[in-house]
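Undergrad: Quick one: sequence and predicted model below, then my questions.
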Amino acid sequence: MRFAGLGLAALLGAAGAEAAQHEGLAAVKERGFLRVCADPSNLPYSSNDPATPGFEVELAGLIARELGVDARPEWNPTYVRALKPLRDGACELFMGLPQDARFREGNPWIAVSRPYYVMTHALVAKADAGNVTIAGLAGKRVAVELASIAEFYIAYREVERGLYRTQEAAFRAAADGQAVAAFLWLPVAAWLARGRSDLRVVPVSDSGLEFPIGAGVRRRDPGLAAAVDSAVERLLASGELRAILLRYGAVPVPRGRLAGGAIVPVQAKDPIDAGRSLFSTACSRCHGAEGVGGGTGGVIPPIRSYDGGWDKFYRIVWTGRRNTAMAAFKGILSPEEVRALYEYLTSLPKQ
Ligand code: HEC
């Protein structure tokens, strides 16, 4: 690693907003280093411990090398307004961003490179546990991080949910037998289970659990997005990138899945289709197939061809209805997903 000391980085952070006016590839090359926003304590992704910098930090170092400069970390915990330092100009590179339409719509000022790996999920269970699949765990207790994608995924399946504040706490619950398994991000599962022969990490594949991940830069930085994208392309081709991911256990998917110039926007999924599939996982249990209304004594209103208008719909779904079974979906669905549900329901003919 070629990271310099933190003193200078901190100074640059303070001057960042101003520097952002004349950024871009040329400015980075002239300066001789690329500033990388990273979380100081988020292994296996990133860490300020030079002994184990994390795979995102190591990859950022390789990307900088490809640009002919050094990498310099700007440490910011990612659980607080993670993207703000990038927006404000405190750094030029932010690793680990999803290459998908929803992220792009929410953050139009960021260009995400072609994916360098696919973030997916895994179950962690005792090595001698029997059938370790979500379906095979029916009726058993599975530990998940509260409000995570994993929690949402199992919420509508026949397993008992054990909710924990962090992925690590969910992992510990499985490791010490409070739960039969933990359902986590694969890189985190592999990292926490390293060296534990009493545990088994079983990848779970399902398109709803897989996120192609790339490196983000500001669109307004001339030349940078294209330079980072081709750096990632070269590092994928040379195998260096894969070697780092394997070392951290963040097993990448076969190369075929990652081909193509992913900086070109991927076609957004049709919102009505997206709404239809969301509705069947998140809403139909109560509101009935295609929103015809609840089977349980008719107490659940039909929302098929909902005619209360978007604002009202959004408010009800986002915040729920107090003292009813209609829970708040804030933190579970994104605003775009609520919109997709609305598009879907209002596209259905009245019955
Ligand atoms: C656990 C059961 C349950 C689930 C799951 C559920 N709802 Fe509801 N929903 C209700 C109940 C009960 C009401 C009626 C609340 C009341 O009495 O005000 C309701 C009311 C609503 C209303 C207001 C209808 C009206 O005309 O007043 C909307 C809109 C709505 N739900 C949308 C959704 C959507 C979208 C989803 C999926 C993301 C969803 N609901 C999931 C139980 C549920």
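TA: Yep, that arrived.

Undergrad: give me the low-pLDDT residue ranges for the stretch 151-300 of the chain?
TA: 251-270, 294-299 (pLDDT under 70).

Undergrad: Flag every residue of it that's near the ligand.
TA: Residues of the stretch 151-300 of the chain lying near the ligand by Cβ under 6 Å from any ligand atom: 282, 283, 285, 286, 287, 300. C-beta here means a position set from N, CA and C on the backbone, and glycine is covered the same way.

Undergrad: excluding its backbone neighbours, what's nearest the residue in the stretch 1-150 of the chain that the ligand sits nearest to?
TA: Ranked by Cβ to the nearest ligand atom, the top residue of the stretch 1-150 of the chain for proximity to the ligand is residue 147, at 14.8 Å. Closest residue to residue 147 apart from its sequence neighbours, by Cβ to Cβ, 6 or more residues apart in numbering: residue 331 at 4.7 Å.

Undergrad: got it, and residue 320?
TA: residue 328 (3.6 Å).

Undergrad: and the host helix or strand of residue 168, C-alpha only, in PDB?
TA: Using DSSP states H and E, residue 168 falls within helix 167-175. This file holds the C-alpha atoms of helix 167-175, laid out as PDB (Å, rounded to 0.1, in the frame of the first residue of the first chain):
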ATOM      1  CA  GLN A 167     -24.200  -8.200  10.900                       C
ATOM      2  CA  GLU A 168     -21.500  -9.100  13.400                       C
ATOM      3  CA  ALA A 169     -24.000  -9.600  16.200                       C
ATOM      4  CA  ALA A 170     -26.100 -11.800  13.900                       C
ATOM      5  CA  PHE A 171     -23.000 -13.800  13.100                       C
ATOM      6  CA  ARG A 172     -22.300 -14.300  16.800                       C
ATOM      7  CA  ALA A 173     -25.800 -15.500  17.400                       C
ATOM      8  CA  ALA A 174     -25.300 -18.300  14.900                       C
ATOM      9  CA  ALA A 175     -21.700 -19.000  16.100                       C
END
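
Undergrad: Go ahead and measure how far the helix or strand just after it is from the middle of the chain.
TA: Using DSSP H and E, the helix or strand that follows helix 167-175 towards the C-terminus is strand 181-185. Strand 181-185 has its C-alpha centroid displaced from the chain centroid by 15 Å (Cα atoms, centre = their mean, to the nearest Å).

Undergrad: again, but for stretch 304-315
TA: 29 Å.

Undergrad: Buried residues, that stretch. List them.
TA: Neighbour counts over stretch 304-315 (16 or more other Cβ atoms under 10 Å) mark 304, 306, 313 as buried.

Undergrad: near the ligand at all, the strand or helix carrying the last one?
TA: When elements are defined using DSSP H and E, residue 313 is found to belong to helix 310-319. Yes - with Cβ under 6 Å from any ligand atom as the criterion, the ligand is reached by helix 310-319 at 313, 316, 317.

Undergrad: residues in contact with residue 44?
TA: 54, 55, 187, 188, 190, 191, 248, 249, 250 (Cβ atoms under 8 Å, 6 or more residues apart in numbering).

Undergrad: can you do 6 Å?
TA: Residue 44 makes contacts with 54, 55, 187, 191, 248, as judged by Cβ atoms under 6 Å, 6 or more residues apart in numbering.

Undergrad: Quick check: nearest residue in space to it, chain neighbours excluded?
TA: Nearest to residue 44 is residue 191, by Cβ to Cβ, 6+ apart, at 3.8 Å.

Undergrad: Confirm the one you found sits in a helix?
TA: Yes - using DSSP: H, G, I helix; E, B strand; the rest coil, the assignment for residue 191 is a helix.

Undergrad: To what extent is it buried, counted in neighbours?
TA: Residues lying near residue 191 (other Cβ atoms under 10 Å) number 23.

Undergrad: same question, residue 223
TA: 16.

Undergrad: Contacts only, for it.
TA: Shown in contact with residue 223 (Cβ under 6 Å, 6+ apart): 24, 25.

Undergrad: mind checking how far it is from residue 99?
TA: Counting by Cβ to Cβ, to the nearest Å, the gap from residue 223 to residue 99 is 20 Å.

Undergrad: For the residue in the stretch 51-200 of the chain positioned nearest to the ligand, which non-adjacent residue is spatially closest?
TA: Going by Cβ to the nearest ligand atom, the ligand is nearest to residue 156 of the stretch 51-200 of the chain, at 8.5 Å. Take residue 156 and drop its neighbours on the chain: the residue closest to it by Cβ to Cβ, 6+ apart is residue 281, 5.4 Å away.

Undergrad: cool, residue 293 as well?
TA: residue 302 is the one closest to residue 293 (Cβ to Cβ, 6+ apart), at 3.6 Å.

Undergrad: which residues does that neighbour contact?
TA: So residue 302 contacts 291, 292, 293 (Cβ under 6 Å, 6+ apart).

Undergrad: A helix includes it, no?
TA: No - checked against three-state DSSP, residue 302 lies outside a helix; its state is coil.

Undergrad: so residue 286 is in which element?
TA: helix 284-287.

Undergrad: and the gap between residue 220 and residue 108?
TA: Distance, residue 220 to residue 108, using Cβ to Cβ: 11 Å.

Undergrad: Looking at these two, which has the bigger crowd around it?
TA: Using other Cβ under 10 Å, the more surrounded residue of residue 220 and residue 108 is residue 220, with 14 against 9.
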